[in-house]
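Trainee: need a structure here:
(2 chains)
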Amino acid sequence: MRIVVAMSGGVDSSVAAALLAEQGHDVIGLSMQLYDQSGTQSFGSCCTLDDLHDARRVASARGFPHYIVNFERQFTDTVISNFVSEYTSGRTPIPCAHCNSDLKFATLLDRARGLGSDNLATGHYARVEQAADGRFLLRRSLDPDKDQSYFLFSLTQDQLARAVFPVGTLSKPEVRAEAHRLGLMVADKADSQEICFVPNGDYATFVESRAATVRPGSIVNERGEQLAAHAGVHRFTIGQRKGLGVAAQTPLYVLKIDADSGDVMVGPRSALDRATFTASGVNWISREGSAAWIPATAQIRHRHRPASGRVRALDDGRAEFEFDEPQPAVTPGQAAVFYDDDVVIGGGWID
Amino acid sequence: MFRIYLDHNATTPPSAATVDRMSAVLREEFGNPSSVHHFGQRAKAAMDEARSQVAALLCADPSEIVFTGSGTEGDNIAIRGVAEALEVAGRKHLIASSIEHEAVLNTVKALARRGWRTTLLPVDASGIVSPDDLQKALADDTALVSIMHANNEIGTVQPIAELAKLARERRAIFHTDAVQTAGKIPIDVKALGVDLLSISAHKFYGPKGVGALWIRRGVRLNPALTGGKQERGRRSGTENVAGIVGMGVAAREALAKMAAEQSRLAALRDTLESLILSRVPGTARNGVAEPRVANTTNISFDRVEAESLLIALDLEGIAVSTGSACSSGTLEPSHVLKAMGLPAHRTQNSIRFSLGAANTDADIERVVAVLPGIVEKLRSLTRSPVGSRR
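Mentor: Coordinates of the predicted model:
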């Protein structure tokens, strides 16, 4: 069977591709070039020119074809523009999820289908299974430490039906061991960190270089009293403690960001907790959205231990979640993914 | 898999005679051509023969041929060399066409950043540079005009003799990048009336890593490389003797076969072009049919990303290309088609087919047999404009 593998040049997708090839599939590697590689403007940490060459070398060594596709325009139009507009509207975006559902399992999947591959394989740590009722389920990786189901929650049933995750049943050490067994030159390559197109983690400068306008304003306390001025709401995220430019006897945390007024409200740690939240653009996976409460755990950011509670569907593609115990730093723009054990029930973007 | 190579404007396979002769040179004529002794003399003699053969391809005098490392290097030596030589005379204006190869375009742009005034001449949808536009652009301080002989993407041949005449009237030096015409159409440097002409061996069944720059006697240009004053001081560095000899063999063969081979290729190309245009809906040829090099056709396919079409064809064993590939091997929208004023979708939907010696009627039949199905499949999967989904 012909299958296209999205290859970033990292060890995970390299092993995914090499394993499929070893199993006898007719593998075609595709690597997305996502931003200008001409040298002067290169800013990536993943999918840089070196990474693209690594992918090419893996394909060459394992004897399957590999091509680089230029998605600069699509990446800018979908992922980067959303990233910038979310930050300037006082939210904290999660570009990897958009990239998965709006680019990889959209435009790249279409390319794969054009090349005669009904499916698209990636190096994600997650599992897809078909349930008895025919629905495609998204489950956590068997390596809980590397699990990436959180970033895949927005895949539709049609997208999940075409997703293949060859390393989803492996742990990271197992993936590296496979890479060594297969003789892949990327076997010991470091994992990519941060957001690929902002390798130094300086989101503020990146947003400022791309945004038409930014929203400066005031740091205010819970009573609305101004404590300081700030250079833009995009410089803050909920729960942030450092870089507030405000001196206080007890640590202050960002509680709320209002892009309209420019106010960034700060307060004590205890004021960060939320017992409930809503999410928009909810994608239900393991079942249709239920207006009745159903028990679930919610993961509200990548590095968050899922917290128990209950979820119900609201109108307009939204959902409401109630925690059993209030949780700190529920952050608008981040994904909230609802799980039943290791099965993704669905997820949406926190309001 | 049976593979069909239709990308001869990118490179050609070295001919058997070229490879054989180069192999013999590498083994037996290893001397340094600058050496006084027997070994050096043999290498020098081999190179002299090649110089005559390459000169014959251009109807030039062998003493005016400078061997280079590539077509790009020839373009750089010519443009930078003239620009720097005439800078002292106060001539700091450069003219090129907007459809030049990157070797010329980026060299001119690099000089623009260093203070040279530059003009890029437009082209219309024909892909031909208008002499009127050059006439208007020429100024008293124009040092150099660089306009390619034939375009690498669409194959259109420029009216070099007419353009060069205009430049000469204004005492500007004229350079032409003839990388895509050498071996394909007769070149007579004196009839063209140019001052500098660069070519590359691997485009006419010679080896990679060697090219030549013809420099009309009397043209002053600063050397790009300084050192042992090889190549009459124009290009120092021990010569790539085997490559140069290979280029000579390839030039000799190209000249001998030119008339017959080019009319054969023109017939094949015309068949391919007309069958694609008639059998695949939503296709159009880019640029004029004539004057064009015989082996090239460039066709746009509505609602198909050229990138996908190229990959799909490669998976069927058919090697084609779009415009120029960048360093990572990805495809950029063609600056040539853009300059011709084609709409954005056509600059990203176009495929270049460039034929060569090994191609046969059967190759064309195979391409025309598989292409309609591939195009139809890709069109059926074209997603609505990107960004429409959240």
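Trainee: enumerate every residue touching the residue of the stretch 251-351 of chain A found nearest chain B.
Mentor: Across the stretch 251-351 of chain A, the shortest distance to chain B (C-beta to the nearest C-beta) belongs to residue A:281, at 5.9 Å. The C-beta positions use only the backbone N, C-alpha and C, and glycine is treated the same way. Residues in contact with residue A:281 (C-beta atoms under 8 Å, 6 or more residues apart in numbering or on different chains) are A:154, A:317, A:348, A:349, B:390.
Trainee: secondary structure class for the residue nearest to residue A:323 when sequence neighbours are not counted?
Mentor: Of all residues not flanking residue A:323 in the chain, residue A:309 sits nearest, at 4.2 Å (C-beta to C-beta, 6 or more residues apart in numbering or on different chains). Here residue A:309 is recorded as strand under DSSP: H, G, I helix; E, B strand; the rest coil.
Trainee: quick check: residue A:309 vs residue A:326, distance?
Mentor: 10 Å (C-beta to C-beta, to the nearest Å).
Trainee: ok, residue A:304 next?
Mentor: Look at residue A:304 and residue A:326: by C-beta to C-beta, they are 14 Å apart.
Trainee: equivalent analysis for residue B:143, please.
Mentor: 75 Å.
Trainee: ok, now residue A:80?
Mentor: 34 Å.
Trainee: those two - which one has more neighbours?
Mentor: Taking other C-beta atoms under 10 Å in any protein chain shown, residue A:80 and residue A:326 do not tie; residue A:80 has more neighbours (21 against 15).
Trainee: pretty sure that one sits against residue A:210.
Mentor: Yes - counting by C-beta atoms under 8 Å, residue A:80 touches residue A:210, with 6.8 Å between them.
Trainee: need the helices for the chain, in chain order.
Mentor: This is for chain A. Ranges of helices in chain A, per DSSP state H, are A:11-22, A:49-62, A:72-75, A:81-88, A:95-99, A:109-114, A:157-161, A:172-181, A:203-210.
Trainee: should've been chain B
Mentor: B:16-28, B:38-57, B:71-87, B:102-113, B:131-137, B:160-169, B:189-192, B:241-279, B:306-315, B:335-339, B:344-347, B:361-380.
Trainee: may I have the second one as PDB, with CA atoms only?
Mentor: What follows is the C-alpha trace of helix B:38-57 in PDB, where atoms were taken according to Å, rounded to 0.1, in the frame of the first residue of the first chain:
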ATOM      1  CA  HIS B  38      56.300  16.800 -20.600                       C
ATOM      2  CA  PHE B  39      53.400  16.100 -18.300                       C
ATOM      3  CA  GLY B  40      52.300  19.700 -18.200                       C
ATOM      4  CA  GLN B  41      52.700  20.000 -21.900                       C
ATOM      5  CA  ARG B  42      50.400  17.100 -22.500                       C
ATOM      6  CA  ALA B  43      47.700  18.500 -20.300                       C
ATOM      7  CA  LYS B  44      48.100  21.900 -21.900                       C
ATOM      8  CA  ALA B  45      47.800  20.300 -25.400                       C
ATOM      9  CA  ALA B  46      44.600  18.500 -24.400                       C
ATOM     10  CA  MET B  47      43.200  21.700 -23.100                       C
ATOM     11  CA  ASP B  48      44.200  23.700 -26.200                       C
ATOM     12  CA  GLU B  49      42.300  21.200 -28.300                       C
ATOM     13  CA  ALA B  50      39.200  21.600 -26.100                       C
ATOM     14  CA  ARG B  51      39.500  25.400 -26.300                       C
ATOM     15  CA  SER B  52      39.400  25.200 -30.100                       C
ATOM     16  CA  GLN B  53      36.400  22.900 -30.000                       C
ATOM     17  CA  VAL B  54      34.500  25.100 -27.700                       C
ATOM     18  CA  ALA B  55      35.500  28.200 -29.700                       C
ATOM     19  CA  ALA B  56      34.200  26.400 -32.800                       C
ATOM     20  CA  LEU B  57      30.800  26.000 -31.200                       C
END
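Trainee: to the chain's geometric centre, what's the distance from it?
Mentor: 24 Å (C-alpha atoms, centre = their mean, to the nearest Å).
Trainee: name the helices or strands packed onto it?
Mentor: On a contact count with 3 or more C-beta pairs under 8 Å, 6 or more residues apart in numbering or on different chains; DSSP states H and E, helix B:38-57 meets helix B:16-28, strand B:65-68, helix B:241-279.
Trainee: can you add distance to residue B:48 and give these back as JSON lines?
Mentor: Below are the helices and strands packed on helix B:38-57 laid out as JSON lines (distance: least, C-beta to C-beta, whole Å):
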{"stretch": "helix B:16-28", "distance to residue B:48": "13"}
{"stretch": "strand B:65-68", "distance to residue B:48": "10"}
{"stretch": "helix B:241-279", "distance to residue B:48": "9"}
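Trainee: now for the closest residue in space to residue B:178 that isn't next to it in sequence, how many residues are close by?
Mentor: Counting by C-beta to C-beta, 6+ apart, residue B:178 lies nearest to residue B:149, which is 4.0 Å off, once chain neighbours are set aside. Counted with other C-beta under 10 Å, residues neighbouring residue B:149 total 23.
Trainee: what is the burial count for residue 25?
Mentor: Let's take chain A. 20.
Trainee: that's the wrong chain, I wanted chain B
Mentor: Neighbours around residue B:25, by other C-beta under 10 Å: 22.
Trainee: what does residue A:176 give?
Mentor: Residue A:176 has 19 nearby residues by other C-beta under 10 Å.
Trainee: how close does it sit to chain B?
Mentor: 26 Å (C-beta to the nearest C-beta, to the nearest Å).
Trainee: hang on, residue A:312 packs against residue A:293?
Mentor: Yes - here residue A:312 reaches residue A:293: they are 4.8 Å apart, a contact under C-beta under 8 Å.
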